[in-house]
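Participant: Kindly return the folded structure for what I paste below:
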Amino acid sequence: MTKGLTRAIYPGSFDPPTNGHLDVIERAAKCFGELIVAIVVNPQKRSPMFSLDERVAMLKECIAHVSQARVEHFRGLLADYLKEAGADVIVKGLRVVSDFESEMSTALMNRELSGVDTFFLMSDAKYSFVSSSLVKEVFFLGGDVATLVPKPVLRTMEHKRTALSESQ
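Facilitator: Model prediction:
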């Protein structure tokens, strides 16, 4: 693969985007000519905290400084989206060993369905415990997540919390 010719897809729900996601995006963008941050719209997952539009807006603001990255979204199989987008590689961030165990079978299935390999990036150790679900839980229980999410995400989370408390 030659940098500049490689289109990578970094899929995820990004509900919400964390500093761990941003770290993977910034590092992956240095490895590939183009990086598409692809928000998965999965109707089988429980209701997301943020709408698709909110997640797109937060990610666009968070990665505005990464010139070779852009945000898109898709429904359905990643393998189909990879073909549609003309992707050469999938990017996945790994935090802990259990991430690899679950991601390995998914990577093999995606390669079987699309012929596209997965590029695993180890998370920075300072983000190895950070997950979107844990960030949401801590935030709504009153904990400080300012060091775990980018500023645009924290601002959106605070707005969402205010709106929820006003509606109750």
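Participant: give me the low-pLDDT residue ranges for this protein?
Facilitator: Where the chain drops to pLDDT under 70, the residues are 1-5, 43, 45.
Participant: need the longest helix for it.
Facilitator: Identified as the longest helix of the chain according to DSSP state H is helix 97-114.
Participant: Can you give me the buried ones in it?
Facilitator: For helix 97-114, burial by neighbour count (16 or more other Cβ atoms under 10 Å) applies to Asp99, Glu103, Ala107, Asn110, Ser114. All C-beta atoms are positioned from the backbone trio N, CA, C, and that covers glycine.
Participant: How about stretch 17-35?
Facilitator: By neighbour count on 16+ other Cβ under 10 Å, the buried set for stretch 17-35 is 17-25, 28-29, 32, 34-35.
Participant: what do you get for stretch 145-162?
Facilitator: So, applying 16+ other Cβ under 10 Å, buried residues of stretch 145-162: Val145, Leu148, Val149, Pro150, Pro152, Val153, Leu154, Thr156, Met157, Lys160.
Participant: ok, now stretch 35-55?
Facilitator: The neighbour-count check on stretch 35-55 (16+ other Cβ under 10 Å) flags Leu35, Ile36, Val37, Ala38, Ile39, Val40, Pro48, Met49, Phe50, Glu54, Arg55 as buried.
Participant: what's the answer for stretch 123-142, then?
Facilitator: For stretch 123-142, by 16+ other Cβ under 10 Å, it's Ser123, Tyr127, Val130, Ser131, Ser132, Val135, Lys136, Phe139.
Participant: What ranges does this protein have for its strands?
Facilitator: Assigned by DSSP state E, the strands in the chain fall at 7-12, 34-41, 69-75, 89-94, 117-122.
Participant: can you put these in CSV and add distance to Cys62?
Facilitator: Shown next, in CSV, are these (distance: least, Cβ to Cβ, whole Å):
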stretch, distance to Cys62
strand 7-12, 13
strand 34-41, 9
strand 69-75, 9
strand 89-94, 15
strand 117-122, 17
